[in-house]
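# I need the structure of the sequence given here:
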Amino acid sequence: MRPITNRAATALAALLLGAPARAMPAADELLQQALATPAIQYQGKVMVTQWYGRQTRAEEMHVHFSPPGNIRREFLAPDGRVARVSVSDGEFESVSRDGKVVVGDAVRSYEKVMTPERERELLLSNYELSVGTADKVAGRPVWLLTLEPKLKGKAWQSMAVDQETKIVLRVKRYLPRRAYASQASFTSFEPGKAQDPALFHLGGSTATAIAASALAPDFMTLEQLAKETGRDSRLPKSLPGGFSFESADVVKVGRSRAAHARYTDGLTVLSVFETERPVKLPKSGLLETGTGFPGALSASRGGKVLKLDAGGRHYILMGDLSKELLADVARALK
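The predicted structure is shown next:
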């Protein structure tokens with residue numbers, strides 16, 4: 001009988017005991033792999049859940065992906081039928097619902113003002129990264145990448161990254177000890193499964209499609225914003241909490257226009273709207289703030305909303321922040 005070689009013994013052990021454990025990656029390396037565009041085709045089912053106070057909202061969707069950037073999302077109604085479909089090839093995007101199709105430029109087809117390198121630099125300066133293990137997601141082993149904010153008042157984020165493909169199978173954002181959170185998690189995942197090219201047909205026609213320019217997002221600098229609005233903006237290049245100006249655009253609010261500036265700390269986005277007229281917050285969502293608070297505060301599924309009037313200007317702040325941190329930001333605008 002021939003002796004068992006080391007290689008054969010290793011293969012036998014793998015069969016009897018399962019595949020050998022993978023070495024835990026460095027946090028920054030795993031982050032880079034998780035943010036990269038997948039190089040393989042896959043499909044799966046995803047459950048999106050939001051916890052908003054005592055309310056919970058859930059939506060299921062089917063996802064199909066084919067590199068380099070083709071993705072199809074089918075959002076399901078509670079009875080299982082497809083309620084709407086979103087298809088993108090990275091350059092254009094179409095959304096179909098109730099027989100109507102809207103086609104426009106995809107957001108990622110535009111260059112932002114802030115470079116990816118600067119955005120990554122902000123993330124690493126504002127968050128502590130750590131890697132651990134977690135229960136399987138969709139039956140697959142994952143690494144758990146946690147992004148812990150260095151400053152209180154910001155949301156934490158965790159990503160369950162598939163150990164084999166490095167695709168994010170679950171992402172969760174939450175404020176510790178607060179009843180506000182959101183999560184998207186694969187309930188089934190089939191990597192490497194060939195996808196029918198017809199799934200990624202954008203659809204639409206000249207009769208149903210909106211011109212791409214009508215949906216195109218603007219990524220202006222503060223100087224371009226001032227030129228577009230015809231008035232000097234008092235919006236700063238940075239705000240408390242590690243937030244830096246990312247980009248701006250102009251949005252229509254009824255017959256008026258509002259300047260919209262987006263700020264980021266590398267992960268969390270803070271929106272600041274400068275309006276021509278005061279905006280009244282709905283009474284149903286108003287929160288108690290106490291004396292000395294720099295404005296009216298309301299809660300929404302998209303985060304907290306703060307209304308501020310300062311120096312003859314009117315502002316609306318929206319972000320997934322604590323009221324204390326949002327108040328600090330508001331005071332910096334006065």
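
# for the protein, which spans come out with low pLDDT?
Low-confidence segments of the chain (pLDDT under 70): 1-21, 107-111, 204-217.

# Domain ranges for it, per the record?
Domain segmentation of the chain under automatic domain parsing yields 22-212, 218-333.

# the strands in the stretch 1-150 of the chain, which residues?
Secondary structure of the stretch 1-150 of the chain by DSSP state E, counting those that start in this stretch: the strands cover 42-52, 55-66, 70-76, 82-88, 92-97, 100-105, 127-133, 142-149.

# where exactly do the helices run in this protein?
Applying DSSP state H to the chain gives helices spanning 6-17, 27-35, 116-126, 212-215, 222-229, 323-333.

# Mind giving me the packing neighbours of the last one?
Under the contact definition 3 or more C-beta pairs under 8 Å, 6 or more residues apart in numbering; DSSP states H and E, helix 323-333 sits against strand 238-239, strand 303-310, strand 313-319. In short, each C-beta sits where N, CA and C put it, glycine included.

# Tell me which of those approaches residue 139 most closely.
Closest to residue 139 of the helices and strands packed on helix 323-333 is strand 303-310 (C-beta to C-beta; 32.9 Å).

# Pull out the buried positions in that closest one.
For strand 303-310, a neighbour-count test (16 or more other C-beta atoms under 10 Å) marks 303-308 as buried.

# now those as JSON lines including distance to residue 314?
Shown next, in JSON lines, are the buried residues of strand 303-310 (distance: C-beta to C-beta, whole Å):
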{"residue": "303", "distance to residue 314": "19"}
{"residue": "304", "distance to residue 314": "18"}
{"residue": "305", "distance to residue 314": "13"}
{"residue": "306", "distance to residue 314": "12"}
{"residue": "307", "distance to residue 314": "8"}
{"residue": "308", "distance to residue 314": "8"}
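
# can you tell me which of those residues lies nearest to residue 226?
residue 308 (19.8 Å).

# Surely the closest one and residue 333 touch.
Yes. The pair residue 308 / residue 333 is scored as a contact, 6.3 Å apart, by C-beta atoms under 8 Å.

# Between these two, which contacts overlap?
By C-beta atoms under 8 Å, 6 or more residues apart in numbering, residue 308 and residue 333 have these common neighbours: residue 315.

# follow-up on the earlier one: among the helices of the chain, which comes closest to residue 58?
helix 27-35 (23.9 Å).

# and the closest one with strand 142-149, angle?
110 degrees (axes from the mean of the first three to the mean of the last three C-alpha atoms, to 10 degrees).

# Identify whichever of the strands of the stretch 1-150 of the chain lies nearest to residue 250.
Here strand 100-105 is closest among those (C-beta to C-beta), at 16.9 Å.

# Just the buried residues of the closest one, please?
Across strand 100-105, burial judged by 16+ other C-beta under 10 Å covers 101-105.

# Which residue, other than its chain neighbours, is closest to residue 123?
Of all residues not flanking residue 123 in the chain, residue 266 sits nearest, at 2.8 Å (C-beta to C-beta, 6 or more residues apart in numbering).

# Same question for residue 277.
residue 256 is the one closest to residue 277 (C-beta to C-beta, 6+ apart), at 5.9 Å.

# What's the local residue count around the one you found?
Residues within reach of residue 256, counting by other C-beta atoms under 10 Å, total 11.

# Just list whatever residues bridge to it.
residue 253 (DSSP bridges).

# Next one: it relative to residue 314, how far apart?
10 Å (C-beta to C-beta, to the nearest Å).

# which residues do those two both contact?
With C-beta under 8 Å, 6+ apart as the test, residue 256 and residue 314 both reach 275-277.

# Whichever of the residues you listed end up buried, select them in PyMOL.
Per 16+ other C-beta under 10 Å, the buried members of the shared contacts of residue 256 and residue 314 correspond to this PyMOL selection:
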select buried, resi 275
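
# still on that earlier bit, of the helices of the chain, flag the one that's most buried.
Counting by mean count of other C-beta atoms under 10 Å, helix 323-333 has the highest mean neighbour count of the helices of the chain, with a mean of 19.

# got the CA positions of that helix in PDB?
This file holds the C-alpha atoms of helix 323-333, laid out as PDB (Å, rounded to 0.1, in the frame of the first residue of the first chain):
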ATOM      1  CA  LYS A 323     -30.500  65.800  17.500                       C
ATOM      2  CA  GLU A 324     -27.500  67.000  19.500                       C
ATOM      3  CA  LEU A 325     -25.100  66.700  16.600                       C
ATOM      4  CA  LEU A 326     -27.700  68.100  14.200                       C
ATOM      5  CA  ALA A 327     -28.000  71.100  16.600                       C
ATOM      6  CA  ASP A 328     -24.200  71.700  16.500                       C
ATOM      7  CA  VAL A 329     -24.400  71.800  12.700                       C
ATOM      8  CA  ALA A 330     -27.300  74.200  12.800                       C
ATOM      9  CA  ARG A 331     -25.400  76.600  15.100                       C
ATOM     10  CA  ALA A 332     -22.500  76.700  12.600                       C
ATOM     11  CA  LEU A 333     -24.900  78.000  10.000                       C
END
